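> Attaching a predicted model along with its sequence, questions to come.
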Amino acid sequence: MVTNIPMLLLSSSIFVFIIHDHHYWLTSSFISDVNCSPLLTDNTTIRIGFLSKIIAGAVPLAIKDLNSDDSILPNHTIEFVAAECGKPNGYTGIKKMTELKDRVHAFIGPDESCASEALVAAAWNIPIVSYKCIDQNLSNKTIYPTFARTLPPSSKISKSVISLLKHFKWNKIALIVSENPSNKQVQESLMKLANEQQIQIRQKYYLPDQYISRYKQNIEQIINDSYQKTRIYILLTDTFVLVDFIRLMQRKKLLDTGLYAIVSVEEEVFYSVKKGEYLNKQYKNLRNQNDHLDLRGLMIITPSPPLNTNYSEFQKDVLQYNRRKPFEIPFHKKIAIQVPIYGGLLYDAVTVIAQAFHKVIEHGENLTNGIVVMDALKDLNYKSILGFNVHMDQNGDAEGNYTLLCLEIVNKSIDMQIVGSFHQTENDLPVLKLNRKLKWYGNGPILSEPKCGFNNEFCENGTSVTIIIVIILFIIIFMAIVFFTFKHYHYEYKLTKVLWKIDMKDILFIHTDFEYGLQNIRNTINLHSLKQMEVVFNNNVQNKNEQFENSSSDIFDNQLYGVAIYKGSVTFVKRICKKSVDLTRNVRKELIQMREMRHENINQFIGAIIDAPNIAVMFIYCARGNLEDVLRNKDINLDNMFIASLVADLIKGMIYLHDSDIISHGNLKPSNCLIDSRWVLQISDYGLHEFKSNQDLFKSKENQEKDMLWKAPELLKNLNASPRGSQKGDVYSFSLILYEIILRKNPYEEINMSNNEILHRIINPKLYGEVFRPRLKRLKCSAYIIKCIEECWKEEPEERPDFRFINIRLREMQSGLKPNIFDNMIAMLEKYSYNLESLVQERTIQLLEEKKKTENLLLRMLPKSAAEQLKRGEAVEAEYFDCVTIYFSDIIGFTELSAMSTPIQVVNLLNDLYTCFDSIIGNYDVYKVETIGDAYMVVSGLPIRNAEKHAGQIASMALHLLQEIFNFEIAHRPGEYLKLRIGIHSGPCVAGVVGLKMPRYCLFGDTVNVASRMESTGEAHKIHVSYSCKQILDKLGGYILEERGLISIKGKGQMRTYWLLDRLQPSDSIL
């Protein structure tokens, strides 16, 4: 049976004792909690006394879990008491222990140093379990027989260091130690284990504990003294020493060899989610690629992070218990409180002491005997809340769990990666298990000693070595002679062969008359480019085939460009305006050089056509046209990443071109920078200067002057300059292209000068007193880009940088690009796709708006039902209506008024009048049929039938119009008013759409004629109504009519008609 002793806080307990220096975390009520009842030896309740800060909740959480577990201490209850103990190393802790020694079964804690408390607990024969003390001296069971801990002492990590050395068979090392107590303890343990495992520590060096920068000289002296005697360095130091050690090793180029390994020991737990914050800020200066290679030899051993997948839930539970009694630690809701790793170790401390008590009870021994409880703790294996399987050694110390880390640089930032962990075995040493293959900077794992020894003592010296060296040199020279001889003959063979020659029979030109045609290409190229690229052939395909077979005919037909299919690839053919080509050795060399040009930013040369008169060159076709087209296309959104990618491609292509045998471009401009389907820029129209010489160019003078705007001033001044140009001239051209990419306009577009005037100012700076260049104020970009442009278009060629320097200067511009070309290509395509989606959406909205306008216009011309039928492509059939009411009106004296007015005045008058009428009829169920001159025709009852309401609708509308006409003054004849004559008739009719071009909705039948006669026989300002309409109005009621009498109506004879005078208050039956 489980019993509990009610107390102020909790009953007699195991006292968890944690000392800290933050008094404000706990209230003074904890002190009174110590005054609990005395410990009862026959009680089934085990009490705990406790004090801590943000990890305090781990104790009640552990006790709750233990009390709910029937397999641990069945028929017993664990409880605790909390007490404030003050600062570490103070005497308050011992004072509280003294107050509790007769009331608790054990102590847990305190924080930091706990030597005095452990000594007092030993004197009282009460077990004490720590979760935060790392002092190695506490492992001495002669002095501290009742002390145990769940935090491994600092020396435990030495076993993992030895395990690492044995794993890689490193048996000779150098040891560097910072002189602080913790590192000294690790060193002593490491030296003892190294001696046992036959690992030789060749050198030992010591550094002051408080490291400052002036101690770099000490580190440099250590390196100079040891690097020729060791390959493996073990550092028991802080991070600052490690960073300076790496930098000084790098400065001596030792890490470039890949022969040295650096092993560092860290006490801080590594969390993969905070790997960027793990290292000291000093690491963040290691940014370049060389640092990345140097750091591959660095290994760090650190305590393993929690493996428990539910550890985050455990942390939340600890914080929840912190808020409850007895702790009541206030936490602000908006402040994220992190429970340190010691919370898990505290939980383990409660679990471990509970397991020890369980063993003591099972053996029927006394719980109050601390020595017996500690014996139960020795060689105990338990599952830590952190997720590890932990073993307690003979000294009551938990064996540590450690992880091996390596440093890697990703995207210019340093990240930690777990590469392995150390697993406990039955042996004293753990075993290292790697979870991924290490990347060694060299030919495999580093050796702790060279194969021939540090002093070459293991290798024989003598004449045999000299003979071997001579033989090797002879073989190398012989192979070099064979290689260059073969290369020479192979090159001569390539010159004699015409591998670059293209047979006209293998070419199929793309033409708009073909089914394939250029239609598919138009989807990706703008029409401006196509106009230059189409080749006009005869309409008859058979004639085309005859042209291909007969190479003497001119297939280009005075066109300069063509798109063709060659061996399954889409290619671009450019005509060379020559009648023939003399294949000299230099021309053949040029063609060979062109075929060997292979780079992702160089437009690939396929070959040449030399069958007179068809002289042409062929390149791979780039689907998106040239850079000039892209820049002028406002539908393409060029953001910073697009611009940076294009500029980077151009720079890389020019670096490759300048390093090749072609040397320079000579004609670099936006139209010669092509864009392929993957948005990769490729440089075209390079090389073949001998092949293309003496052309008969068809360009106009204006176009020739435009092309010269991108040439360097020194090339413009020299009329005999080689078409090859110069590398510095290419740099000048690049500056204008960069200017144009950023501005998306021609560099000189906004300068009000002709091309000839611009060239004259560029060539003659002394004449005008200034160097003429585009205006930099127009550019909105970073200062370093503007500075680069200024350097590239300097007047003196020698002052311009080369493309490698330009690449360095603009590296910041490329910071957002992916390091891998394929990743960057995918990112570019994604951005283009997003831009295209946005463009399609914008065009769709515009289309819908125009469609809506068109529909509105159609609805103004036709009834909705008829318009819908026409939109569906259906014929609108004429429809018969049993009874409708038709309204006609006319302006009396309109002919005379028109004769006295100008045409524009007449139009304005009618427009004002009918606008007024249109606004009125919108209030009635009527349909406006048409207006002819001054005649106005309206009908009700069609196209939508409305029973007999049509007569009332027309009558009410007529009265409304008549009332409004009295207020309508003629604008161009002030003081004069129009006179309106109105006729109304009801009867059957047929309605339908007449015509396909400008269709009209017309009414047919005798009713239309009679309604017109009602208007023509009426009088000014009166509404003339037929007898049939009057009958319907009488039936509806509410209208005042007056009989006019019998009137002669053309085609109808005598008809009785009426005047509509007014209406009473309208009702629903009328309207």
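Received it, and whenever you're ready, just let me know what you need. Worth saying up front: this structure is predicted, and the values here are computed from it rather than measured.
> For Trp710, give me its contacts.
Taking C-beta atoms under 8 Å, 6 or more residues apart in numbering as the definition of contact, the neighbours of Trp710 are 668-670, 733, 736-737. Every C-beta, even on glycine, is put in place using the N, C-alpha and C of the backbone.
> can we see that at 6 Å?
Applying C-beta atoms under 6 Å, 6 or more residues apart in numbering, one finds that Trp710 lies in contact with 669, 733, 736.
> can you list these in JSON lines and add pLDDT?
What follows is these, written out as JSON lines (pLDDT from 0 to 100):
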{"residue": "Lys669", "pLDDT": "92"}
{"residue": "Ser733", "pLDDT": "94"}
{"residue": "Leu736", "pLDDT": "94"}
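> can you redo those residues as a markdown table with distance to Phe572?
Putting those into a markdown table (distance: C-beta to C-beta, whole Å) gives the following:
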| residue | distance to Phe572 |
| --- | --- |
| Lys669 | 17 |
| Ser733 | 21 |
| Leu736 | 24 |
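> List the ones among those that fall in helices.
Counting by DSSP state H, the contacts of Trp710 place 733, 736 in helices.
> What subset of the contacts of Trp710 is buried?
When burial is judged by neighbour count using 16 or more other C-beta atoms under 10 Å, the buried members of those are 669, 733, 736.
> And the strands in the stretch 801-950 of the chain?
Listed in chain order, the strands found in the stretch 801-950 of the chain under DSSP state E, counting those that start in this stretch are 879-891, 927-932, 935-940.
> Show me what the longest one pairs with in its sheet, parallel or antiparallel.
Spelled out, that is strand 879-891. Strands that pair with strand 879-891, judged by DSSP bridges, come out as strand 935-940 (antiparallel), strand 980-994 (antiparallel).
> List the buried residues for it?
Of the residues in strand 879-891, those with enough neighbours to count as buried (16+ other C-beta under 10 Å) are 881, 883-891.
> Nearest to Arg778 among the residues you listed?
Proximity of these to Arg778 (C-beta to C-beta) peaks at Ile891, which lies at 61.8 Å.
> Phe572: what secondary structure?
Using DSSP: H, G, I helix; E, B strand; the rest coil, the secondary structure recorded for Phe572 is strand.
> Tell me how many other residues surround it.
The burial metric for Phe572, expressed as a neighbour count using other C-beta atoms under 10 Å, is 20.
> same thing with Tyr784?
Tyr784 has 13 neighbours, counted by other C-beta under 10 Å.
> repeat for Arg1056
Neighbours of Arg1056 under the rule other C-beta under 10 Å: 12.
> can you check Pro450 too?
A count of neighbours around Pro450, defined by other C-beta under 10 Å, yields 14.
> and Val269, backbone torsions?
For Val269, the backbone dihedrals are phi -70, psi 140 (criterion: degrees, to the nearest 10).
> from memory it sits against Ile341, does it?
Yes. Checked against C-beta atoms under 6 Å, the pair Val269 and Ile341 is within contact range at 5.1 Å.
> higher neighbour count, the two?
Using other C-beta under 10 Å, the more surrounded residue of Val269 and Ile341 is Ile341, with 19 against 15.
> contacting residues for that one?
The neighbours of Ile341, taking C-beta under 6 Å, 6+ apart as the test, are Val269.
> If we use 10 Å, what do you get?
Counting by C-beta atoms under 10 Å, 6 or more residues apart in numbering, Ile341 touches 55, 131-132, 151, 268-269, 271, 303, 305-306, 311, 386.
> I'd like to know which of these are buried.
Buried members of the contacts of Ile341, scored by 16+ other C-beta under 10 Å, are 55, 131-132, 151, 303, 305-306, 311, 386.
> of these, closest to Gln953?
Checking the buried ones among the contacts of Ile341 against Gln953 with C-beta to C-beta, the nearest one is Tyr311 at 80.5 Å.
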